[in-house]
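Undergrad: Sharing a sequence plus its predicted fold:
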Amino acid sequence: MSEKNGGRILVIDDSPHIREIASVLLIHSGYNVITEEFGEAAFTKVVEDREIFDLLMIDVSLDDIDGVKLCQRIKDQLPEQPVIMMSGYDEQEVIKGDMSKDSSILFLQKPFDRQALTESVSMMIKN
């Protein structure tokens with residue numbers, strides 16, 4: 001049975017496989033999911049075009065921009081924007097300095113399963 005949580009999520013990952021898996025799992029859980037392959041295009045959607053997302057999920061290693069830098073650029077403009085940083089690297093390697101103190105940023109270890117994904121998203125989207 002699908003839990004209807006609601007919320008609009010932007011998944012930013014250069015891997016089509018990860019974008020597809022995250023989309024399917026989150027849509028099944030009742031979320032509206034938009035995907036983006038490139039960080040610069042995501043920045044344009046979120047900051048310049050001012051599209052509203054309840055949550056951003058950003059891969060640390062994107063083809064066109066470092067995911068951590070993308071997160072920092074977005075947070076400079078939208079400090080309250082909830083973000084999940086995704087990576088196959090350890091959290092300590094990814095979330096450093098001020099980012100580690102920001103409660104609106106959460107780390108999700110790859111590979112993730114449905115439970116880890118949906119629990120992380122539920123924690124970040126306040127209904």
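TA: Nice, thanks for sending it over.

Undergrad: for this structure, which helix is longest?
TA: Secondary structure assigned by DSSP state H gives helix 16-28 as the longest helix of the chain.

Undergrad: how about it: buried residues?
TA: Buried residues in helix 16-28, counting neighbours by 16 or more other C-beta atoms under 10 Å, are found at 18, 19, 21, 22, 23, 25, 26. From N, CA and C alone the C-beta is placed, and that goes for glycine too.

Undergrad: Residue 50 and residue 81, how far apart?
TA: The span separating residue 50 from residue 81 equals 12 Å under the rule C-beta to C-beta, to the nearest Å.

Undergrad: go on, residue 51?
TA: When residue 51 is compared with residue 81 (using C-beta to C-beta), they lie 11 Å apart.

Undergrad: out of these two, which sits in the busier spot?
TA: A direct count of neighbours by other C-beta atoms under 10 Å for residue 51 and residue 81 places residue 81 higher, at 18 against 13.
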